[in-house]
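[1] sequence unknown, structure follows:
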């Protein structure tokens, strides 16, 4: 027998609000604003702004995202959508597939010549994060904008420590960071990753601070005048000068048209709660569809223990939903999308019946293309009969391949003393985004074009001004019109399975915040099953999954994306708020 490391992390609980974020500095910025009389929106926006400064390997204030706001007693949830979008000059054939190269990036991506869809100036989308966060603050916040932005400005000037994760990410992306003068100057030291104090910081070393003074000046101007200078004024001109010099597609028309949407979030009834998610192309439809299938499959007495039956059913629900995702989902402003059908009780019942009857779930085999390629041109199900107002001729998608987004995301979850709840996910769409920094503004630019199918004739193919299918999946849970949970995670496509299991842990299994994020999880979004090593004995008993299951090590695997990294805040019936983060991350939770 081998000894095993057991990793745990306590939740934080209190009566005056709780915050969870992917980094300590973000969480502390939020907690400070709650203590100063701010609400959950003030706190969440402050934390998200700080995250955009101190997590360049995950996100950027030049990226995109989603934000949900739940206000007690309103009976609905607001969705602030500042998701990714292609420049208007983008074309379906702007990238060339590199058929002679196979690169496994873990989360799947179309391999194009020069990796131009994930790094370099052609990879960038329309930067929307700052406009989206500040619109949310304007609509729902209490404190002055300058106060909410103060911590992010300080973080840019003061710098953040280049820890071991930063150094490893810089090393993994070294050639691309070196290729861009702005990124090289910002994130490298003499063209190399900074050496972290990996032997200990108490006495054996002090981490190098990554300072971003140009970004600090940009944030100061925005704190004073709002986001407009970045979209219509001098900051816009500076950004477009850099993009033009590098040969990019972004234009003033793109910036002017970047108007985040505030709308009613998408929702389903699940057990005795409402589960809410964004309406824009994201992880939302797939997450809610999985919950609908699960609810149809286990209408009464759902399995609560991690038995072979429970794991088998979770995996099957996921594979069915992802087959639909890879084939049918795209931007409904450009292509017909059967979103209402995918979330309908009747369609879920059909899939549940197939699972119950023992029909094999839709999975690509080892000899097939990756599932996001395999199912892009293969419709496993026909949801259209369940779609209200369906087109007379549903679309036929037949691309030569498909794209699946990369990772690089942050999450903030907040519930304040009054019960207002906020979930924010924003991203650079890849580690260090496009690896391009505008030296005039200090903004790291994102890699939104990597979210598209790089070939024509798919639901998610590129078009000018189109929204790609992102994986971000923030959610709120309400009961009787009052928020009870704010959840989200970094982790690429693995976010989707993680969010579904967090909802099940909270709602069906009655877990608190800490137990909900610590419970072992699975992911069934690819050809095989990924499972926490704590589930080894369970998955071994599932005969049909033997040989196609990989166990995820929990032996000090910090920053692992294989099962995502949940960040949640929860409020119980007595008004106690608690927050928790995945124990294998560097996230941080604080409550008062």
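    Arrived safely. Every value quoted in this text rests on a predicted model; they were computed, and no experiment measured them. Numbering: from 1, shown residues only.
[2] per-residue pLDDT, residue 305?
    pLDDT, residue 305: 96.
[3] next, it: phi, psi?
    Backbone geometry at residue 305, expressed as degrees, to the nearest 10, gives phi -90, psi 150.
[4] tell me which residues touch the spatially most central residue of the chain, please.
    Against the mean C-alpha coordinate of the chain, by Cα atoms, centre = their mean, the closest residue is residue 472 at 3.0 Å. The neighbourhood of residue 472, defined by Cβ atoms under 8 Å, 6 or more residues apart in numbering, consists of 65, 66, 83, 278, 282, 283, 409, 425, 426, 427, 488, 495. Placement of C-beta: from N, CA and C, glycine included.
[5] from the residues you listed, which shows the smallest pLDDT?
    When these are compared by pLDDT, residue 409 scores lowest at 90.
[6] same for the least confident helix or strand in the chain by mean pLDDT, what does it pack against?
    Lowest on mean pLDDT, DSSP states H and E among the helices and strands of the chain sits helix 371-374, with a mean of 82. With contacts taken as 3 or more Cβ pairs under 8 Å, 6 or more residues apart in numbering; DSSP states H and E, helix 371-374 sits against helix 308-328.
[7] what residues of the helix or strand following the helix it packs on count as buried?
    Following helix 308-328 in sequence order, the next helix or strand is helix 339-342 (DSSP states H and E). Under the neighbour-count criterion of 16 or more other Cβ atoms under 10 Å, helix 339-342 has 339, 340, 341, 342 buried.
[8] which strands and helices lie in contact with helix 339-342?
    Right, helix 339-342 is packed against helix 284-297, helix 308-328 by 3+ Cβ pairs under 8 Å, 6+ apart.
[9] how about JSON lines for the ones you listed, with distance to residue 555 added?
    Formatted as JSON lines, the helices and strands packed on helix 339-342 follow (distance: least, Cβ to Cβ, whole Å):
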{"stretch": "helix 284-297", "distance to residue 555": "29"}
{"stretch": "helix 308-328", "distance to residue 555": "21"}
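[10] select, out of those, the one closest to residue 180.
    Counting by Cβ to Cβ, residue 180 lies closest to helix 308-328 out of the helices and strands packed on helix 339-342; the figure is 31.9 Å.
[11] so which elements touch that closest one?
    helix 284-297, helix 339-342, helix 345-356, helix 371-374, helix 494-507, strand 522-523, helix 536-540.
[12] how near is residue 79 to residue 315?
    The gap separating residue 79 from residue 315 is 29 Å, by Cβ to Cβ, to the nearest Å.
[13] what's the answer for residue 143, then?
    Separation of residue 143 from residue 315 (Cβ to Cβ) stands at 45 Å.
[14] the more surrounded of those two?
    Neighbours per residue (other Cβ atoms under 10 Å) separate residue 143 from residue 315, with residue 315 holding more: 27 against 19.
[15] could you list every residue that touches residue 116?
    95, 122, 123.
[16] columns pLDDT on top of those, output as CSV?
    Formatted as CSV, these follow (pLDDT from 0 to 100):
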residue, pLDDT
95, 94
122, 97
123, 96
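[17] now, which of these sits nearest residue 112?
    Distance to residue 112, by Cβ to Cβ, is smallest for residue 95 among those, at 4.1 Å.
[18] quick one: secondary structure of that closest one?
    Classification of residue 95 by DSSP: H, G, I helix; E, B strand; the rest coil places it in coil.
[19] list the contacts for residue 86?
    By Cβ under 8 Å, 6+ apart, residue 86 lies in contact with 125, 126, 448, 449, 452, 462, 463, 464, 465, 466, 467, 468.
[20] what of residue 169?
    Residues near residue 169 by Cβ under 8 Å, 6+ apart: 57, 431, 432.
[21] how about 10 Å then?
    Applying Cβ atoms under 10 Å, 6 or more residues apart in numbering, we find residue 169 in contact with 56, 57, 58, 177, 187, 193, 408, 431, 432, 559.
[22] what's the burial count for the first one?
    Number of residues near residue 56 (other Cβ under 10 Å) recorded here: 27.
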